[in-house]
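Student: Below is the sequence, then the predicted model.
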Amino acid sequence: MNKYHAEHTWVRLEGDTALVGITQHAQDTLGDIVFVDFADIGKTFAQGTVAGVVESVKAAADVHMPASVEILEQNEALRADPSLANSDPEGAGWFYRVKLSNAAELEGLMDASAYQAVTG
């Protein structure tokens, strides 16, 4: 189950790691995504800080971490085909596999219905 950050990113626990990506709403707003600039593997980020950039034909947008993490892996399939962030933003279009630094932060994130209420 995804949890959502106000900056239009999501996080989903998968065992002892988690996946992070942009939301359906974010990709709807951006339009056709053409490039993803990833942060380096091994870097750590505090919740809400910028950890990459996504560029579309309309604009560039920062990717904010929904929780404090260490990056373990970048989605190489997304690097090769940035349109995955459009076609499946909350699935195959994930950005990072991460190790959470503070799992308690997830309690402060929105569930799907709360996020939907914020984004309309």
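Tutor: Ah, there it is.
Student: Go ahead and flag the most central residue of this protein.
Tutor: Nearest to the mean C-alpha position of the chain, by Cα atoms, centre = their mean, lies G21 at 2.1 Å.
Student: Just the element for that residue, please.
Tutor: In the assignment (DSSP states H and E), G21 maps to strand 17-22.
Student: Which strands and helices lie in contact with the helix or strand that that strand is followed by?
Tutor: As assigned by DSSP H and E, the chain's next helix or strand after strand 17-22 is helix 24-30. Packing partners of helix 24-30 (3 or more Cβ pairs under 8 Å, 6 or more residues apart in numbering; DSSP states H and E): strand 50-56. Where C-beta positions appear, they are placed from N, C-alpha and C, glycine not excepted.
Student: The strand it packs on - which strands sit beside it in the sheet, and in what orientation?
Tutor: Sheet neighbours of strand 50-56, with direction, are listed as strand 33-38 (antiparallel), strand 60-64 (antiparallel) (DSSP bridges).
Student: Give the buried residues for it.
Tutor: A51, G52, V54, S56 (16 or more other Cβ atoms under 10 Å).
Student: Show me where the protein has its strands.
Tutor: Secondary structure of the chain by DSSP state E: the strands cover 3-5, 9-14, 17-22, 33-38, 44-45, 50-56, 60-64, 69-74, 96-100.
Student: Return the most buried member of these.
Tutor: Of all the strands of the chain, strand 17-22 has the most neighbours on average by mean count of other Cβ atoms under 10 Å, namely a mean of 24.
Student: Understood, closing this out.
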